[in-house]
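Chemist: Dropping a prediction and its sequence here:
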Amino acid sequence: MTARFTDQVVLITGAGSGLGRAAATQIAAEGASLALVDVSQAGLAETAAQIADVASAAKVIQIVADVSKEEDVARYVAETISTFGRIDGFFNNAGIEGKQDLTEDFGTEEFDKVVAINLRGVFLGLKHVLAVMKKQGSGSVVNTASVGGIRGVGNQSGYAAAKHGVVGLTRNSGIEYGQFGITVKAIAPGAIMTPMVEGSLKQIDADNWEEVGREFVSSNPMKRFGRPEEVGALVAFLLSEQASFINATVVPIDGGQSEKY
Ligand SMILES: NC(=O)c1ccc[n+]([C@@H]2O[C@H](COP(=O)([O-])OP(=O)(O)OC[C@H]3O[C@@H](n4cnc5c(N)ncnc54)[C@H](O)[C@@H]3O)[C@@H](O)[C@H]2O)c1
């Protein structure tokens, strides 16, 4: 395969685990310099180690930051620019699953926390990165929504509100920034086996979470969880020049789950 990211700079939030890590290794293997952002220093170090295995020449910086805090977001963008001078691709991905409960029991604080990271964090990333891309006259953004951002799942007030909001931000920014040579897309993953999904299954039954998982995916048309590298491949495509006329839209990656009656 030709390297689609030679001489490009890609910024990834939530890069210390799961989907962010999978995208980071794929994109680094195709030539990009990477700015990796996460609240977890240990997670970032592990991702950097995995990148070194697949792309030993890749230039990588690790930035510990909380995407829900504007000063942290301004800092991760400033550090990326001071190191690499530009941002060609932005995977605006960090998120948490939050609690699972009925709306009446969900909790106002929990709602605020999930929305602060999953929606405010995405808005802040767009605010600071799109300003850079507008000056460049180019750039590509992929926001991480969810099947829970395009369908009702239940027991996840905060997550549903935030992820539907991410879809709204994607359409809005895509329509605003297309004229500047910038595309903004979202992905809507179904159940992909990452530490986050493992955590959700353990909330349902800590001792039998693997059995709960098998039951959970039995209704998926493909009868399995997705793999992080399948999402990484989609993100790499969407951030690349190959997807240069895909804008302001949401791409599901869920084995067909969200199309099923
Ligand atoms: N795994 C799935 O099935 C699935 C499905 C749909 C959507 N998603 C979304 O994909 C994204 C990535 O999830 P994942 O499955 O890779 O989960 P994960 O828990 O494996 O990784 C998420 C990463 O985000 C980081 N993070 C959390 N809060 C942060 C904050 N405030 N600031 C910076 N970093 C923070 C975590 O430390 C972690 O490294 C999330 O937005 C999630 O909602 C995942």
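Modeler: That came through fine.
Chemist: Just confirm G154 is within a strand.
Modeler: No - G154 sits outside any strand when classified using DSSP: H, G, I helix; E, B strand; the rest coil, being coil.
Chemist: For it, give me its contacts.
Modeler: Taking C-beta atoms under 8 Å, 6 or more residues apart in numbering, we find G154 in contact with no residue. The way it works is simple: take the backbone N, C-alpha and C, and place the C-beta from them, glycine included.
Chemist: what do you get for the one 4 residues further on?
Modeler: Neighbouring residues of G158 by C-beta under 8 Å, 6+ apart: 98-99, 106, 110-115, 118.
Chemist: Just these: which are in helices?
Modeler: Counting by DSSP state H, the members of those that fall within helices are 106, 110-115.
Chemist: Same list, the residues you listed, but as TSV with pLDDT and neighbour count please.
Modeler: As requested, the ones in helices among the contacts of G158 are arranged in TSV below (pLDDT from 0 to 100; neighbours: other C-beta atoms under 10 Å):
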residue	pLDDT	neighbour count
F106	98	19
E110	98	15
F111	98	18
D112	98	11
K113	98	16
V114	98	25
V115	98	19
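Chemist: Name the nearest of those residues relative to P252.
Modeler: Proximity of the ones in helices among the contacts of G158 to P252 (C-beta to C-beta) peaks at V114, which lies at 21.2 Å.
Chemist: do you know how far that closest one is from E215?
Modeler: 25 Å (C-beta to C-beta, to the nearest Å).
Chemist: Same question for V141.
Modeler: 36 Å.
Chemist: So between these two, which is more surrounded?
Modeler: Higher neighbour count among V141 and E215: V141, with 28 against 13, using other C-beta atoms under 10 Å.
Chemist: For the closest residue to G190 other than its chain neighbours, give me phi and psi.
Modeler: Closest residue to G190 in three dimensions, ignoring its sequence neighbours and counting by C-beta to C-beta, 6 or more residues apart in numbering: D254, at 2.7 Å. Its backbone dihedrals place D254 at phi -150, psi 20, with angles given as degrees, to the nearest 10.
Chemist: who's in contact with D254?
Modeler: D254 makes contact with 147, 188-191, 220, 226, according to C-beta under 8 Å, 6+ apart.
Chemist: likewise A116?
Modeler: So, once contact is read as C-beta under 8 Å, 6+ apart, A116 ends up touching S68.
Chemist: Now do it against the ligand, distance only.
Modeler: In this view, A116 and the ligand are 8 Å apart by C-beta to the nearest ligand atom, to the nearest Å.
Chemist: do K69 as well
Modeler: In this structure, K69 and the ligand are 8 Å apart, going by C-beta to the nearest ligand atom.
Chemist: What confidence value was assigned to that residue?
Modeler: For K69, the model assigns a pLDDT of 99.
Chemist: do the same with V9
Modeler: In this prediction, V9 carries a pLDDT score of 98.
Chemist: which SS class is S140?
Modeler: The local conformation at S140, judged by three-state DSSP, is strand.
Chemist: can you tell me which residues contact it?
Modeler: For S140, the contact set (C-beta under 8 Å, 6+ apart) comprises 88-90, 182-183, 185, 238-240, 243-244.
Chemist: Now for S240: which residues touch it?
Modeler: The contact partners of S240, taken as C-beta under 8 Å, 6+ apart, are 4-5, 89, 140.
Chemist: wait, which of those is closest to the ligand?
Modeler: Looking at the contacts of S240 and their distance to the ligand, the nearest is G89, at 16.3 Å (C-beta to the nearest ligand atom).
Chemist: I figured the closest one was touching L11, is that so?
Modeler: Yes - with contact defined as C-beta atoms under 8 Å, G89 and L11 form a contacting pair (7.1 Å).
Chemist: Give me the more crowded residue out of those two.
Modeler: A count of neighbours by other C-beta under 10 Å puts L11 above the other of G89 and L11, at 29 against 26.
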